[in-house]
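Participant: what follows is a predicted structure for the sequence shown.
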Amino acid sequence: MIAVFDICILIFLVAIAIIALSVKDLLASAMILGIYSFLMCLLWAEMGAVDVAFTEAAVGAGVSTVIMIATVYQTSRKSSD
Amino acid sequence: MVEQFPILIELCPLFGAILIAILGFRMPKLCYPITVLAMALSCAAAIGTFMMMLASPSGTVIYDLSGWGRVNDTAISIEYRVDALSALMLVLISSVAFLNVIYSKVRVAQETPSKIPHFYILYLLLVAGLEGITITNDAFNLYVLVEISSLTGYALIAIGSKRAVISSFNYVIMGTIGASFFLLGVGYLYIKTGTLNMSDIRSIMEAIPDDSKAIKVGFMLIMIGVWVKMAFFPLHGWLPNAYAYAPTATGALMAPLVTKVMIYIMIRMMLSVFGPEYVYETLGWTDVVVTLSTIAIVAGSFFALSRSDLRKMLTYIIVAEVGYMVGGAWLANSQGMTGAIYHLLSDALMTFCLFMVVGIVVSRTGDPKLTAFQGLYRKMPITMVGFTIAALSMIGLPPTCGFFSKWYLLRGGIEAGQYHYVGALLFSSLVNAVLFFRLIEMAYYHGAHAHGEPIRDEDHEQYRMHGADPDSQPKETLANAPWSMLGPMLVVAIGLIALGVFNSTVTEWIGQVVANLNVLEGAN
Amino acid sequence: MEIVTSIIPLLACLASLLAVIPIVVFRKSPNLREAATVVAGVAKLSLVLTMLPGILSGKVYEFTFIEIIEGIPLQFRVDGLGMLFALVASSLWILTSFYAVGYMRGLKEHAQTRFYSFFAISLSATLGVAFSANLFTLYVFYEMLSLATFPLVTHNQDKEARSGGRTYLSYLLGTSVGFVLPAMIFCYVKSGSSLSFTELHDWSGVLDPSAALLLLLLFVFGFAKAGIMPFHSWLPNAMVAPTPVSALLHAVAVVKVGVFSVIRVFTGVLGTDFLSTVDVATVVSWAAGATVIISSLIAMTQDNLKRLLAFSTVGQLSYITLGVSLLATQAVQGSMLHIPMHAFGKITLFFCAGAIYVATGKKYISQMRGLGRAMPWTFGAFAIAAMSVIGLPLTGGLLSKMYMIWGAANAQQHALLAVYLVSSVLNGVYFFPIVYRAFLGKPADGEMHDRVKEAPLACVIPLVITATVSVLLFFFPGVFFELTTLMISSKS
Amino acid sequence: MEFIVNNFNYWIYVILMMIGLFAMIAKNNLIKKLVGMTIFQTAIILFYVSIGVKGEGATIPILSYEQVHGTHHVEEADHAGEDDSHHAQADLPEIDARTITNPIPHVLMLTAIVVGVATLGVALAISQRIFHFYGSLDEDVILAKIQKGDG
């Protein structure tokens, strides 16, 4: 059962990665990237890498998203692609 | 104390950076002396380590971080290992960085007056990263240090002008790709060997069957990674703009060192991790890579010919020189490898010297184009002496070191029967001759009639002899490049000749590293 | 053969290099500066002369600095050929120094200190080439000479000098880096780590004929200072230099370094014995033969006297290359002998050209009608030197040419023998009218030579001396003859 | 099919890496490039974490008290100091390395995550500076401005 769960997350990851890259709104893109990171955490925790998962949750999903959103606010939200 | 030298090399710049972070923002005047001191200590420690290396019977100095002991003669903790190659690189990096700090004083104050502490903190961290790369014996640690030096490098470039920021961004993208590929490759090695200590990887790999796919993929990824980072044609796109638009002191530090350190990683991986038998015989890529490097040399030279911006020209020459070294390392004989390593040292010094000269010229004339050189022999004679020596070395004329590196590379090429590589080397020497004599000529001629002044014998003599003396030449403000810039440049220029004259000593040291290559040849 | 380790070759080489210091120090007082040049010249010549008796008695002087690359020391070794060349170069330097004083002052040239300094450096490089014990040392000094003469060639710093200098360096550096360097490393690799002129001979079995031919061509064309077509055009372009430079460097030092290197390649690197077994030298012979004829034809069309002399030099240099490539003993000896014979003749001609320019400001042959009567000494010397270059009796040129022709006959190369004869006729065709018009022709309309006088004594005396030597060499070729015989006999 | 399912992690890491790489090179917007960069780096971290996985049954590398000291050593546990660990090492036959995921790749990845975020931070700072200079984050617009001589 856990393997199926695993595979679902992995496929979901790919989908989210593509979405994050294709939305035109950079703020949304940053948010979706945050979701991507959290999914990654989930996956890693499930794979036995708890410490990596924690770090990713705090640093990858948390800090990256925050600085990315901050940058988007500082610059512009729109993207041409 | 003495046995702590290896770690001191790195700690000095690190503590310097911390000190500046604490004090520098309140007292910007302290930044420069602190950096000079840190670099001087680091340089001294590097020379000390070099002496230790020479004195040690095995030719290597080993230093275990935190001393957790060893299992089966492999350190549990991160291990620092200094052999002749890394010792030479350490001395090179620390001395170039030290001289460049001295040189940077005027330029940093001119170009980025509001960011002096930032500059020096990043500078010290960058140097610490580069030194760490050469000294560490741990593959993952190597990656981290590559990233440290890259990150600080990106920032240092971005401190500069508008264009520099854009090129810095491109550099971030390409640099990250390169470093990530490297990391992936290390991952594959880890899968196969279960260790990250490079000497340990080597000994375990010897027991693994040669045709392991994981190792092949790992090797390929590592090579692609370092090739991106060293700007090996056609992966060179990021380099010219990044170095050409960076602040002077940054360019003078990064252009000679960063690509060279990446080549060092490549050579280290080839010699000490995968082993020459694997790289040259099992893989059978030598012909392909040497052909690629031939293309790199020719292409780099062509691009350099068409540039009118001085620093752009130099950066494309770097692209060509990277081809020299990659080709030399892949010639699969000890001569080629000796040439590659020797060229590593000499090219770093040549590039350093030229970037310093260009920095002086640009800062004095305000003109980044080639035309800035018009008539400079008369106006800035000392600078031009340095320039001439570096140019002769680039062309490869004896007794400068450029000649001898070419000698070893050509000899390796002939021995390996790679005549296209030999041809490319000669072609690039000739292109360099064209490029540099164009500049020398400009500098030599326009002086006489530059501003419509009549030539008088006495005048001429005086300019020649006292050109750099500020007091006797009040009109010639161009000549007043400060000694903090001229001194390091002259030291390097002398170094170019010294390295050439004592090339047999240097190659003897290098010979300790490439000794296992000779065994390989003997077996054939 | 007795080998003597001695520092004299080094001192002789350094004498002129060290002279740069007093030359620069005394830049404010021309008399002292030029005295320094002359003193250095005398010192150099006497150092060379001290070695002469030893060389003649069969000794060889050696001096080693350091081993620069594994198996290749930076080494001096004085043998007969080196001695011959050193003797010519250093003795002519003294005369040229005197001449230069007259010329440079007569024309009030700028940057004279630079001129004398680089002149001295060039001489050091020349002696370095002459005394080189191996190809590597030779190469180092060869490059040094190219660079040191660049400021001399471009002395005028005007547009013409600029393009001349550009051609000069691109030809000389391009060929030496592009051809000689790989050929040298190839030799080093194939011979098993040696480049010494005395050790490299045994190529049979190592090189096949095609490789030998390639190597030979790389060397002969790579030493572009020898001026084999198509790598000759730097020489006429270098004539923008002041005349003392043209005289010493482009009639003696630089070009002779070229042919000297070619002779070394033939005798010391590849070895005449090996070359005669693979039969590849004829390619070089034909290239040289063609150069001889073509350059003579071009010389006939020149109106600028110095350019004419330059093309004449190109032809005469190819005599030497041709002679040595015939591989016959007499021809090789003739080539070696031709170095001093041609040097004394050609330097006189250049001295004359310069003296005419100093005295009248004229460069073109068409302007020189009737000048001979106003400048009898100059044109007298010119006539003698022209005879020597043509190879007429009572001048030294005859001897060397005779040997080369003898060698060509021995080698059964009748076509090449004809080259020697035809070109001698051509030499006569372009030299004779100059002399004839100068003495018997009438000045062109509106030109008066009444007020023309001989050039300053400092100019005239050297050219008279060299012309005299050209004649004396016919009667007393003894020393040069012995030196070349020494080289020939030590081979066999 | 079996091959694909067993190595599913690795396939996904390759796909994610390619997506990231594509974005870094082909995307026009600088922030989008950085999004791609983050995806690229996490893909590599995924790869490393997957190295440590040992199939069914292996658990996280945290040992219980009993696992370390064994039940019969409980009374000795009060002894502090270094020799304690020596005892533990000597008396640990019951810990099977196959039941624990390999923690070393995890530890490495902690560093890699931090490095990745640091890179992202630097890159974002640079892109802010770019926006400050050029007023845009689109590569086309910036290049056009540079070519107009505004650079």
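Facilitator: All right, it came through fine. Numbering: from 1, shown residues only, chains lettered A, B, ... in the order given.
Participant: grab the most central residue of the chain for me.
Facilitator: Just going to use chain A. Centre of chain A computed as the mean C-alpha position; nearest residue by C-alpha atoms, centre = their mean is residue A:36, 2.2 Å away.
Participant: now do that one against residue D:42, distance only.
Facilitator: Going from residue A:36 to residue D:42 by C-beta to C-beta, to the nearest Å gives 7 Å. Every C-beta, even on glycine, is put in place using the N, C-alpha and C of the backbone.
Participant: can you tell me which helix in chain D is longest?
Facilitator: If you go by DSSP state H, chain D has its longest helix at helix D:103-134.
Participant: wondering if that helix reaches chain A at all.
Facilitator: Yes. For helix D:103-134, a contact with chain A is found by C-beta under 8 Å from any C-beta of the partner chain, at D:103, D:105-107, D:109-110, D:113-114, D:116-117, D:120-121, D:124, D:127-128, D:131.
Participant: which other helices and strands contact that helix?
Facilitator: helix A:50-55, helix A:65-74, helix B:139-158, helix B:162-193, helix D:30-52, helix D:139-145 (3 or more C-beta pairs under 8 Å, 6 or more residues apart in numbering or on different chains; DSSP states H and E).
Participant: thinking again about what came up before, who touches the residue nearest to the centre of chain A in this structure?
Facilitator: For residue A:36, the set of contacting residues under the criterion of C-beta atoms under 8 Å, 6 or more residues apart in numbering or on different chains consists of A:13, A:16, A:17, A:20, D:39, D:42.
Participant: run the last query once more with 6 Å
Facilitator: Residues counted as contacts of residue A:36 (C-beta atoms under 6 Å, 6 or more residues apart in numbering or on different chains) are residue A:16.
Participant: could you do residue B:224 as well?
Facilitator: For residue B:224, the contacting residues are residue B:181, by C-beta under 6 Å, 6+ apart.
Participant: what mean pLDDT does the helix or strand harbouring it get?
Facilitator: Using DSSP states H and E, the secondary-structure element containing residue B:224 is helix B:213-230. Per-residue pLDDT values across helix B:213-230 average out to 89.
Participant: who's in contact with stretch C:209-226?
Facilitator: Identification of contacts with stretch C:209-226 by C-beta under 6 Å, 6+ apart yields C:171-172, C:175-176, C:179-180, C:183, C:231, C:254-255, C:257-259, C:261-262, C:265, C:278, C:280, C:284, C:317, C:321.
Participant: what about residue C:255, distance to residue C:95?
Facilitator: Taking C-beta to C-beta as the measure, residue C:255 falls 17 Å from residue C:95.
Participant: higher neighbour count, these two?
Facilitator: Counted by other C-beta atoms under 10 Å in any protein chain shown, residue C:255 and residue C:95 do not tie: residue C:255 has more neighbours, with 27 against 23.
Participant: per-residue confidence averaged over the helix or strand where that one lies?
Facilitator: When elements are defined using DSSP H and E, residue C:255 is found to belong to helix C:254-264. Mean pLDDT, taken over the full extent of helix C:254-264, equals 90.
Participant: what's the distance between it and the middle of its chain?
Facilitator: The gap between the average C-alpha position of helix C:254-264 and the chain average comes to 7 Å, counting by C-alpha atoms, centre = their mean, to the nearest Å.
Participant: tell me if I'm right that residue B:97 and residue B:39 touch.
Facilitator: Yes. Assessed by C-beta atoms under 6 Å, residue B:97 is found in contact with residue B:39 at 5.4 Å.
Participant: who has more neighbours out of these two?
Facilitator: Relative neighbour count places residue B:97 above the other of residue B:97 and residue B:39, with 28 against 25, counting by other C-beta under 10 Å.
Participant: which residue, other than its chain neighbours, is closest to the more buried one?
Facilitator: Setting aside the residues directly before and after it, residue B:97 is nearest to residue B:127 in space (C-beta to C-beta, 6 or more residues apart in numbering or on different chains), at 4.4 Å.
Participant: what about that neighbour, which helix or strand?
Facilitator: Element membership for residue B:127 (DSSP H and E) is helix B:116-135.
Participant: identify the residues contacting stretch C:321-329?
Facilitator: Everything outside stretch C:321-329 that qualifies as a contact, by C-beta under 6 Å, 6+ apart, is C:226, C:262-263, C:266, C:272, C:275-276, C:281, C:284-285, C:288-289, C:331-332, C:334-335, C:404, C:407-408, C:410-411, C:488.
Participant: next: stretch B:14-30.
Facilitator: B:31, B:34, B:35, B:38, B:116, B:117, B:120, B:121, B:124, B:125, B:128.
Participant: farthest pair in those residues?
Facilitator: For those, the maximum inter-member distance is 18.8 Å, found between B:116 and B:128 (C-beta to C-beta).
Participant: of these two, who's got more company?
Facilitator: Under the criterion of other C-beta under 10 Å, the comparison of residue B:116 against residue B:128 puts residue B:128 first, with 26 against 22.
Participant: re the thing from before, specify the angle between the helix holding residue B:224 and helix B:139-158 in degrees.
Facilitator: 20 degrees (axes from the mean of the first three to the mean of the last three C-alpha atoms, to 10 degrees).
Participant: list the buried residues for helix B:213-230?
Facilitator: By neighbour count on 16 or more other C-beta atoms under 10 Å in any protein chain shown, the buried set for helix B:213-230 is B:215-230.
Participant: stretch B:492-507 now?
Facilitator: Buried positions in stretch B:492-507, judged by neighbour count with 16+ other C-beta under 10 Å: B:492-493, B:495-501, B:503-504, B:506-507.
Participant: narrow those to those in helices?
Facilitator: B:492-493, B:495-501, B:503-504, B:506-507.
Participant: kindly identify which of the residues you listed also come near chain C.
Facilitator: The subset of those lying close to chain C, counting by C-beta under 6 Å from any C-beta of the partner chain, is empty.
Participant: export the residues you listed to TSV and tack on pLDDT and distance to residue B:289?
Facilitator: Compiled in TSV, those are given as follows (pLDDT from 0 to 100; distance: C-beta to C-beta, whole Å):
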residue	pLDDT	distance to residue B:289
B:492	90	31
B:493	90	33
B:495	90	30
B:496	89	29
B:497	89	32
B:498	89	32
B:499	88	27
B:500	86	28
B:501	85	32
B:503	84	26
B:504	83	28
B:506	85	25
B:507	84	23
